[in-house]
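>>> the following block contains a protein sequence and its predicted model.
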Amino acid sequence: MSKYACVDVGGTFTDAAVVDENGNVNVFKSPTTPQDWTEGILGALRVASEHYEEPFDAFLKDISVVNAGLFTHGSTIATNAVVEKKCGKVGILCTEGFRDVFLFREGPNKNPFDMFLDYPEPFVPRYLTLPVKERINSEGGVDTPLDEEAVKAQTLKLKGYNVEAIAVCFLWSTVNPAHEERARDVIHEVWPDVTVVLSSEVNPSNREYRRWVSAAMDASLRKLISSYANDLNGRLNDAGFIGKVGMLNSAGGVMSTNEIVNRPLYSVDSGPSMAPIAGRKYAEDDLGEQNAVVLDMGGTTFDVSCVINDEISVSKEAIIGEEIPGISRVNVHSIGAGGGSIAWVDNGGMLRVGPRSAGSVPGPACYNRGGTLPTVTDANCVLGYLNPDFFNDGRMKLYPELAREAIKKHVAEPLGITVMEAAYSIWATVNVNMIAAIKDITIWQGIDPRSYAMVAGGGACGLHAIALAEGLEMQRLLIPRTAGGLSAAGGLFSDIVSEYSASHYTTTAQFDFEGVAKVLQKLRAQAEKFFARNKIAPERQRLEVYMEAHYPFQVYELPVNVTPFVQDDFTITPAGVQAMEEAFHKEHERTFSIRDNTFIECVTWRVKAIGKHEREAVLPSAELPENRDLAYEDALSSSFRKVFFKEYDDLKMTPVFHGDRLYYGITVHGPAIIEEPTTTIVVLPGYCAKVTQHNSYCIEKEPLKKKH
């Protein structure tokens with residue numbers, strides 16, 4: 001039986017989401033193995049094969065494309081390599097006189113008023129950034145021809161430095177890439193085997209720093225991602241998988257292995273980018289909502305993203321390490337507030353949580369794997385929210401006594417409070433941190449979260465979600481049953497996606513109709529080649545066009561979807577220009593609460609190629625059981641559990657429900673605990689959780705009782 005599967009490698013757990021031929025989605029977890037990422041992936045898939053009672057090789061064949069299956073994969077491996085500065089060694093060839101662009105950057109992302117703060121090191125050291133005489137002007141004309149002998153000499157110099165790849169970054173290559181393209185040919189004349197990356201191909205942006213650092217970053221990841229992809233595919237094939245894995249990308253879609261190896265920069269944050277894909281699907285199907293705040297709280301980080309008018313929020317301002325590469329990425333804001341985030345008391349006697357994490361090794365103290373520092377998971381264990389005998393579907397046992405010992409030593413005693421008070425303080429503190437992160441991507445970006453639905457995911461989020469919604473005054477909260485692997489589930493619903501962009505400056509006051517048409521038609525041709533390479537049938541193809549523009553004298557662009565205003569031949573009419581201008585005004589007003597009824601400056605054009613899978617993953621619809629009262633009683637555990645709630649200021653005997661026995665239409669009234677195989681939901685007093693038609697939990701405040 002064919003199945004779709006997606007694996008997301010997180011900092012603590014590796015999640016596998018699988019949808020079977022009936023549309024049923026299940027999530028499975030296995031500890032992440034940092035020493036060998038592939039082993040963790042195979043571990044999660046083995047757990048899935050056990051659930052379906054299939055031999056491992058047979059299960060892998062079921063998720064192979066040749067058998068009408070699908071297997072996709074996302075991770076933070078590329079992100080970690082950049083942040084930890086474990087990328088490949090890269091050399092740069094740049095325009096003579098502009099050797100210090102990497103030093104100029106856009107300023108440190110820390111406190112700009114701290115004169116004692118060390119300036120960040122450039123992504124590529126200056127000794128590996130070598131100048132070449134050439135100059136193309138801003139109109140695309142050649143002021144100074146390319147010095148090919150200098151290219152050869154500098155290439156040999158970089159070869160002597162043992163670089164793994166060379167990035168060519170010339171001025172105004174976005175207008176005329178001829179010198180960069182010729183430099184690549186010359187480099188291969190003297191060093192045929194070296195990887196060469198052109199800034200005009202990786203990120204054709206007029207902002208030199210962003211274009212150059214994105215090219216350098218892409219080049220630095222080529223060997224790492226290529227080796228990782230080859231190892232993963234090889235070991236999967238040896239185990240029975242047929243073909244190659246589809247790789248998730250930071251634009252919120254899937255690419256073939258060959259595509260991602262040739263554009264490894266787009267593998268950065270490929271795992272977290274899937275959470276809003278899943279959030280959009282669940283919000284639409286269960287709540288009929290097109291606006292949602294999507295949360296993903298795992299073991300290491302807490303990720304926040306938004307769905308606005310049914311579109312995933314995308315940004316070019318995301319920081320990777322200390323760099324801003326300026327590529328389109330799903331706008332995910334992450335902080336160190338996961339289940340493994342460590343609680344500590346600072347020198348001023350204040351309780352802090354994160355950003356350091358215990359990760360999967362050694363993990364929280366309650367894991368009994370060597371961790372001795374208190375974490376958020378330890379606090380949830382002490383509060384009674386977690387079942388020590390049913391963690392990760394019973395595959396892991398928790399040790400509450402170790403959690404209490406860690407909290408007592410590192411939090412309770414330094415603060416002079418009880419262990420229970422310390423545990424609740426950790427829980428409440430991390431909630432405050434997460435609420436602040438949600439405000440960063442909503443309120444401070446022109447979004448009123450009270451008018452949005454909240455979709456909460458991640459293995460730890462169900463323990464905190466109601467408190468987060470309450471803190472933001474959000475009325476609609478949805479927790480899917482696949483919340484434990486929300487990003488992995490998003491990979492099941494994602495499309496085959498790639499983006500192509502080009503810079504072409506014009507204004508709506510004096511619009512360059514011919515120039516823009518030429519650019520859009522060129523981008524369309526690139527998108528069509530992408531469809532052909534991936535064998536996507538015409539009926540499953542879709543193209544979207546985006547304009548990035550700003551008002552006169554503004555510095556940064558705002559992206560606007562202008563697909564409805566572009567003709568079938570990818571030209572734009574005068575009426576289309578007016579419509580684009582009005583669409584920009586509305587988006588600017590939505591984002592910044594202000595509009596200026598003047599012309600706009602169009603800077604960058606993007607074409608997004610979207611290919612639908614042959615068989616889409618669809619959430620199954622449930623029917624109401626004949627006897628809901630009997631189903632309710634069946635779902636209730638044989639015993640209650642003592643749980644701490646601030647409303648009672650003490651431990652309270654609380655009913656615990658088996659999630660797999662709760663059916664559509666059943667309502668669970670708080671206080672209560674709902675245990676799913678890969679997540680636990682705490683229903684606070686005054687709230688109720690209702691099972692939706694697509695087997696999610698819709699959580700709302702209990703209606704106020706009328707006084708007689």
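Thanks, I have the structure now. Since the structure is predicted, the reported quantities are computational estimates derived from the model, not experimental observations.

>>> same question for whichever strand or helix holds M547, mean pLDDT?
Element membership for M547, per DSSP states H and E: strand 541-550. For strand 541-550, mean pLDDT rounds to 96.

>>> who touches the helix or strand following it?
Moving toward the C-terminus from strand 541-550, the next helix or strand (DSSP H and E) is strand 558-561. Residues outside strand 558-561 that contact it (C-beta atoms under 8 Å, 6 or more residues apart in numbering): 311, 314, 316, 328, 544-550, 580, 583-584, 587-588, 591, 606. Glycine gets a C-beta too; all of them are placed from N, C-alpha and C.

>>> helix or strand with the lowest mean pLDDT in this structure?
helix 628-635 (a mean of 66; mean pLDDT, DSSP states H and E).

>>> A strand includes E582, no?
No: with DSSP: H, G, I helix; E, B strand; the rest coil as the criterion, E582 is helix rather than part of a strand.

>>> what's around it, how many residues?
14 (other C-beta atoms under 10 Å).

>>> OK, contacts around it?
Counted by C-beta under 8 Å, 6+ apart, E582 has zero contacts.

>>> which residues touch K281?
G490, F493, L619.

>>> quick check: it vs V25, distance?
Distance, K281 to V25, using C-beta to C-beta, to the nearest Å: 10 Å.

>>> shared neighbours of those two, which are they?
By C-beta under 8 Å, 6+ apart, the residues touching both K281 and V25 are L619.

>>> in stretch 15-28, what counts as buried?
In terms of neighbour count (16 or more other C-beta atoms under 10 Å), stretch 15-28 has its buried residues at D15, A16, A17, V18, V19, D20, V25, N26, V27, F28.

>>> which element, helix or strand, includes the first one?
When elements are defined using DSSP H and E, D15 is found to belong to strand 13-19.

>>> show the average pLDDT along that strand.
So the average pLDDT for strand 13-19 ends up being 89.

>>> so how far is the lengthiest helix in the chain from its chain's centroid?
Ranked by number of residues, the top helix in the chain under DSSP state H is helix 208-239. Helix 208-239 has its C-alpha centroid displaced from the chain centroid by 17 Å (C-alpha atoms, centre = their mean, to the nearest Å).

>>> can you tell me the closest non-neighbouring residue to G74?
For G74, ignoring the flanking residues on the chain, the nearest one in space by C-beta to C-beta, 6 or more residues apart in numbering is L248 at 3.2 Å.

>>> report how many residues lie close to that neighbour.
33.

>>> verify the stated contact: it with S494.
Yes: between L248 and S494 there is a contact at 6.9 Å, judged by C-beta atoms under 8 Å.

>>> common neighbours of these two, please.
T72, V254, M274.

>>> tell me the one of those nearest G484?
M274 (13.9 Å; C-beta to C-beta).

>>> quick one: pLDDT of the closest one?
Reported pLDDT for M274: 88.

>>> need the contact list for the residue lying closest to N695 once chain neighbours are set aside.
Nearest-residue entry for N695: R481, 5.3 Å, with adjacent residues in sequence omitted and distances by C-beta to C-beta, 6+ apart. Going by C-beta under 8 Å, 6+ apart, R481 touches V25, G659, E676, N695, S696, Y697.

>>> make JSON lines out of those and add secondary structure.
Listed next are the contacts of R481 as JSON lines, based on three-state DSSP:
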{"residue": "V25", "secondary structure": "strand"}
{"residue": "G659", "secondary structure": "helix"}
{"residue": "E676", "secondary structure": "coil"}
{"residue": "N695", "secondary structure": "coil"}
{"residue": "S696", "secondary structure": "strand"}
{"residue": "Y697", "secondary structure": "strand"}
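
>>> out of these, who's the most crowded?
Highest neighbour count within the contacts of R481, by other C-beta under 10 Å: Y697, with 27 neighbours.

>>> from K586, how far out is that residue?
35 Å.

>>> same question, G246
Counting by C-beta to C-beta - G246 and K586 are separated by 36 Å.

>>> which one of those two is surrounded by more residues?
More neighbours surround G246 than the other of G246 and K586, with 25 against 11 (other C-beta under 10 Å).

>>> excluding chain neighbours, what is closest to that one?
Per C-beta to C-beta, 6+ apart, closest to G246 is T72, 4.1 Å.

>>> contact partners for A283?
E289, Q290, N291, A292, V307, A453, V455, L478.

>>> hang on, the earlier thing: which elements pack onto whatever helix or strand the residue nearest to G246 lives in?
Assessed by DSSP H and E, T72 sits inside strand 70-75. The elements that strand 70-75 packs onto, with contact taken as 3 or more C-beta pairs under 8 Å, 6 or more residues apart in numbering; DSSP states H and E, are strand 4-9, strand 246-248, helix 486-493.

>>> need the winner for burial among these.
Among the helices and strands packed on strand 70-75, ranked by average contacts under mean count of other C-beta atoms under 10 Å, first place goes to helix 486-493 (a mean of 31).

>>> could you check the angle it makes with strand 13-19?
Between helix 486-493 and strand 13-19, the angle comes out at 30 degrees (axes from the mean of the first three to the mean of the last three C-alpha atoms, to 10 degrees).

>>> hang on, the earlier thing: out of the shared contacts of L248 and S494, who's nearest K159?
Using C-beta to C-beta, the shared contacts of L248 and S494 come closest to K159 at V254, 36.1 Å.

>>> W191 and L156, how far apart?
7 Å.

>>> the two: which has the busier surroundings?
Each of W191 and L156 has its neighbours counted (other C-beta under 10 Å); W191 has more, 16 against 12.

>>> now do the same for the more buried one: its pLDDT.
97.

>>> thinking again about what came up before, okay if I get the contacts of K281 as TSV plus pLDDT and distance to A465?
Conversion of the contacts of K281 to TSV gives the following (pLDDT from 0 to 100; distance: C-beta to C-beta, whole Å):
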residue	pLDDT	distance to A465
G490	89	18
F493	87	21
L619	71	20
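
>>> would you turn those into a markdown table with distance to N597?
Listed next are the contacts of K281 as a markdown table, based on distance: C-beta to C-beta, whole Å:
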| residue | distance to N597 |
| --- | --- |
| G490 | 39 |
| F493 | 39 |
| L619 | 43 |
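
>>> and which of these is nearest T563?
Of the contacts of K281, the one sitting nearest to T563 (C-beta to C-beta) turns out to be F493, at 20.9 Å.

>>> give me the phi and psi for the residue nearest to that closest one when sequence neighbours are not counted.
Once flanking residues are discounted, F493 sits nearest to K281: 4.7 Å by C-beta to C-beta, 6+ apart. Dihedral angles of K281 (phi, psi; degrees, to the nearest 10) stand at phi -60, psi -50.

>>> any idea how far K281 lies from N380?
Taken as C-beta to C-beta, the span from K281 to N380 is 28 Å.

>>> count the neighbours of E413 for me.
E413, neighbours per other C-beta under 10 Å, totals 13.
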